[in-house]
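Participant: this one's sequence-less:
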């Protein structure tokens, strides 16, 4: 009798657990469908019809950025023309409890522009104008939807440029660069984006317009610009920014050096920095990239070369630059390089840079898909880390090519594979995690350039303790105390995000 | 009320002090940049002491003369014995001296990064880095001299320099603290020790709380350790500076003058120089920064389009004009230090 009661009770508990579970699943699907079925016609009062996109095709087009592993459809995409329109849209979203996510060109590599909980995507594509160029004070005011390259193009003939030059610079927007604190090959000497931002106009998560900073750098008070740059769109939507313009170097010298082994190349990197020279760019490519670029563009390298170093020195004075390049060459020769090619003119310089700029794109010749990971380690640990990357790749049976900013210790291992095979996809993701864990172990960081987004959210606890993450959450709360502005990014364990992870991955529940 | 001197020899001491005190005065910079607001807030906090107004800034700022622990203790003993009415309140106030906490924790010459305790002096750090051919590229001002401006930079420890974030003459080519600080260990107002940033030169993991500490005047958290990026010693630029007559030589009344620093857009620089010429001491032509000394009764005009900071001027020290910035600063302070424990009153409105 007692046993019968026990089993009945157990069955009862089991079945009620199952129904609660189903209810939770239904609730999360229900929550998403709620926003999908919501009435967004209120936006028509704020924006013109051609500024609002909706429907299945539009949602599909904006469900992810260049990080395609996680996707989430928005309900509506808006393209405001001005800060005032952005503010109105945000206020509407707040009034109706609709999440919103800002998006520039969508070239981000960590899922920062993915609308994690659906809702509205605020695209800055139409806010791409330069508002003021002040040559005498070497600054420029631009809307943040403008492509990075266009900032430089506007002032190139005055001998100035916008220094941060990520590989995506021809399309990625200033807003995205600010959000991710973008780097690029020239950050070794010129610094990352935050060092070139003098002021921003931002719409905060409640729809208020704030102006922080201006034409003149510094000033009393807390450095909020340092916090906003790199905040990945979670503190508000930056709509305009004052950027610092840097004089174009008068003298540049570029060299492409081939090495017989990876180790000789990494040791050269250390040697160059040890001489006290800071080259403007110090990039490294390995055999895989060389192969891809030869297949794509017909460029040739010595057959026994295992690594290439692209070194660029610049400065005001040609003789100083030549002197620097001589000391660089001395280090290369001391480490047993095979061949040094120095560009004699601008055209040849562009040709030498091709292996770096087009390297990743050229990988398409070798395999249908690639995933470019992003990790950073102290420069001195470069040889050890590279050996580890090759080991991981062979253990997981996937090809890898390495292209990265050797001067900063910022790695970009590119795993190439066929994404039609889900097992390969899984192995690539696992390999990425193993590499990131090793980066942290060697004293580095979880991300050097691409940001945390959704990709590395769950890896944050490997680098930061719960108290550290709580301190970062306090930073976020200064501007964003709610769940509406670009939710489920950067910090793990945010309310209401865990149940959506399966949905982003496309694993149906 | 109890006023103690916290001679912080380690991070643990800082944590203990913060946890046990109602108010912690965190020293930032030499030469009277501390506002009497600090003392006034302590006074309001504990109800009756216009007397502390004179003493607390003196103790915080005159560290140069406070080389011995016993000097501090005697000063504090004076307060307690001379003002018995203060002993009634329950306030526990501490004055943090971070200088004893001055070790070099980690140095990697190949990576050009160095991790130090907050209290280490710039001078000691640069002497250490010079052996490896590296430095923190602050200009090397003479230690003593009648140029009071030099005193501001030469006497600082790393944490004070970060809290105060003054301009310097190498800024246009070498950047400043925002470019050099890579990561920190902070002691928050509730006593917790957190790590922010990283130890590598390129990092975008999470929110950059260490950047928020720059220029914070010690109001958000105490810097226990900081990781900095170093520069090669041989590439230090020559400052592009124009000097003017020493006003203090003509008037001779050094003590009754305040230091002011302005930064203006370069296009306005010559006009700003003309407007402030009688009180101008030095101009950095690359960044448009003007430094000067002026008698206390004279109001040096602030040139529009830039910013200005002063010392010895009470609530006019760090004037923040942007109301949005004031609002966000208040929110930040409320989040990080809800009981207003760290340096109350230094910005006037915080």
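Facilitator: Cool, got the structure. This structure is a prediction, so every number in the text was calculated from the model and none was measured.

Participant: next up, the contacts around residue B:167.
Facilitator: Applying Cβ atoms under 8 Å, 6 or more residues apart in numbering or on different chains to residue B:167 gives the contacts A:218, B:176, B:261, B:263, B:284, B:287, B:289. The way it works is simple: take the backbone N, C-alpha and C, and place the C-beta from them, glycine included.

Participant: ok, the residues you listed vs residue B:319, which is closest?
Facilitator: residue B:261 (12.2 Å; Cβ to Cβ).

Participant: so the closest one belongs to a strand, correct?
Facilitator: Yes - applying DSSP: H, G, I helix; E, B strand; the rest coil, one finds residue B:261 inside a strand.

Participant: for it, grab the count of nearby residues.
Facilitator: 20 (other Cβ atoms under 10 Å in any protein chain shown).

Participant: which helix or which strand is home to the residue of chain B found nearest chain A?
Facilitator: Nearest residue of chain B to chain A, counting by Cβ to the nearest Cβ: residue B:211, 2.7 Å away. Using DSSP states H and E, residue B:211 falls within helix B:209-213.

Participant: which helices and strands does that helix pack with?
Facilitator: helix A:224-228, helix A:466-479, strand B:181-187, strand B:193-197 (3 or more Cβ pairs under 8 Å, 6 or more residues apart in numbering or on different chains; DSSP states H and E).

Participant: include distance to residue A:452 when you put the contacts of residue B:167 into a markdown table, please.
Facilitator: Shown next, in a markdown table, are these (distance: Cβ to Cβ, whole Å):
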| residue | distance to residue A:452 |
| --- | --- |
| A:218 | 28 |
| B:176 | 27 |
| B:261 | 37 |
| B:263 | 34 |
| B:284 | 38 |
| B:287 | 33 |
| B:289 | 36 |
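
Participant: between those residues, which sits nearest residue A:400?
Facilitator: For the contacts of residue B:167, the nearest to residue A:400 is residue B:176 (39.2 Å; Cβ to Cβ).

Participant: stretch A:60-78 vs chain B: in contact?
Facilitator: No - contact of stretch A:60-78 with chain B (Cβ under 8 Å from any Cβ of the partner chain) is absent, the minimum separation being 14.5 Å.

Participant: what's the end-to-end length of that stretch?
Facilitator: 14 Å (Cα to Cα, to the nearest Å).

Participant: per-residue pLDDT of the residue in the stretch 201-350 of chain A positioned nearest to chain B, please?
Facilitator: Residue nearest to chain B within the stretch 201-350 of chain A: residue A:226 (2.7 Å; Cβ to the nearest Cβ). The score at residue A:226 is 94. That number is its pLDDT.

Participant: ok, it touching residue B:179?
Facilitator: No - the pair residue A:226 / residue B:179 is not scored as a contact, 10.1 Å apart, by Cβ atoms under 8 Å.

Participant: okay, these two: which has more neighbours?
Facilitator: Between residue A:226 and residue B:179, residue A:226 has the larger neighbour count (other Cβ under 10 Å), namely 25 against 17.

Participant: how about residue A:101: what's its closest non-neighbour residue?
Facilitator: Computed as Cβ to Cβ, 6 or more residues apart in numbering or on different chains, the closest residue to residue A:101 that is not its neighbour in sequence is residue A:115, at 4.3 Å.

Participant: I figured residue A:400 hits residue A:288, correct?
Facilitator: Yes - proximity of residue A:400 to residue A:288 meets the contact threshold set by Cβ under 8 Å, at 6.6 Å.

Participant: find the residues that touch each one of the two.
Facilitator: A:414, A:416.

Participant: rebuild the helices and strands packed on helix B:209-213 as TSV, extending it with distance to residue A:77.
Facilitator: As requested, the helices and strands packed on helix B:209-213 are exported to TSV (distance: least, Cβ to Cβ, whole Å):
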stretch	distance to residue A:77
helix A:224-228	24
helix A:466-479	23
strand B:181-187	38
strand B:193-197	35
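
Participant: among those, which is nearest residue A:339?
Facilitator: Using Cβ to Cβ, the helices and strands packed on helix B:209-213 put strand B:181-187 closest to residue A:339, at 35.9 Å.

Participant: mind giving me the packing neighbours of the closest one?
Facilitator: Short answer (3+ Cβ pairs under 8 Å, 6+ apart): strand B:181-187 packs on helix B:11-20, strand B:193-197, helix B:209-213, strand B:222-229.

Participant: other SSEs contacting the first one?
Facilitator: In other words, helix B:11-20. strand B:2-7, strand B:92-97, strand B:181-187, strand B:222-229.

Participant: just to revisit the earlier point, farthest-separated two in the contacts of residue B:167?
Facilitator: So, these by Cβ to Cβ: farthest apart are B:176 and B:261, at 13.2 Å.

Participant: can you map out the helices along the stretch 151-300 of chain B?
Facilitator: B:158-164, B:171-174, B:177-180, B:209-213, B:247-251, B:269-276 (DSSP state H, counting those that start in this stretch).

Participant: compare these and say which comes out lowest on pLDDT.
Facilitator: That would be helix B:247-251, which, of all these, carries the lowest mean pLDDT at a mean of 55.

Participant: sorry, back to before: chain center to the helix holding residue B:211: distance?
Facilitator: 14 Å (Cα atoms, centre = their mean, to the nearest Å).

Participant: could you give the number of residues near the residue lying closest to residue B:226 once chain neighbours are set aside?
Facilitator: Using Cβ to Cβ, 6+ apart and skipping residues adjacent in sequence, the residue nearest residue B:226 is residue B:184, 4.8 Å away. Close neighbours of residue B:184, defined as other Cβ under 10 Å, add up to 25.

Participant: surely residue B:184 meets residue B:223?
Facilitator: Yes - with contact defined as Cβ under 8 Å, residue B:184 reaches residue B:223; the gap is 5.7 Å.

Participant: okay, and the common contacts of the two?
Facilitator: Residues touching both residue B:184 and residue B:223 (Cβ under 8 Å, 6+ apart): residue B:213.

Participant: for stretch B:180-198, buried residues please.
Facilitator: Judged by neighbour count using 16 or more other Cβ atoms under 10 Å in any protein chain shown, the buried positions of stretch B:180-198 are B:180-189, B:192-198.

Participant: ok, now stretch B:337-348?
Facilitator: Buried, per 16+ other Cβ under 10 Å, within stretch B:337-348: B:337, B:340-348.

Participant: got the end-to-end distance for that stretch?
Facilitator: Stretch B:337-348: ends 16 Å apart by Cα to Cα.

Participant: then stretch A:298-311?
Facilitator: End-to-end distance (Cα to Cα), stretch A:298-311: 21 Å.

Participant: near chain A, which residues of the stretch 251-350 of chain B show up?
Facilitator: Residues of the stretch 251-350 of chain B lying near chain A (Cβ under 8 Å from any Cβ): B:263-267, B:287-288, B:305-307, B:309, B:318-320, B:322, B:324-325, B:328-329, B:331-332, B:335-336, B:347.

Participant: ok so, going back, my guess is the residue nearest to residue A:101 meets residue A:62, correct?
Facilitator: Yes - contact criterion Cβ under 8 Å: residue A:115 and residue A:62 qualify, at 7.3 Å.

Participant: helices and strands around whichever helix or strand residue A:388 is part of, which ones?
Facilitator: Assigned by DSSP H and E, residue A:388 belongs to helix A:382-395. If contacts are counted by 3+ Cβ pairs under 8 Å, 6+ apart, helix A:382-395 sits against helix A:262-274, strand A:399-405, strand A:410-411, strand A:413-417, helix A:422-441.

Participant: who touches the residue of the stretch 201-350 of chain A closest to chain B in this structure?
Facilitator: Contacts of residue A:226 (Cβ under 8 Å, 6+ apart): A:194, B:178, B:208, B:211-212, B:214.

Participant: do residue A:453 as well
Facilitator: A:67, A:108-112, A:114, A:232, A:489-490.

Participant: brilliant, that's me finished.
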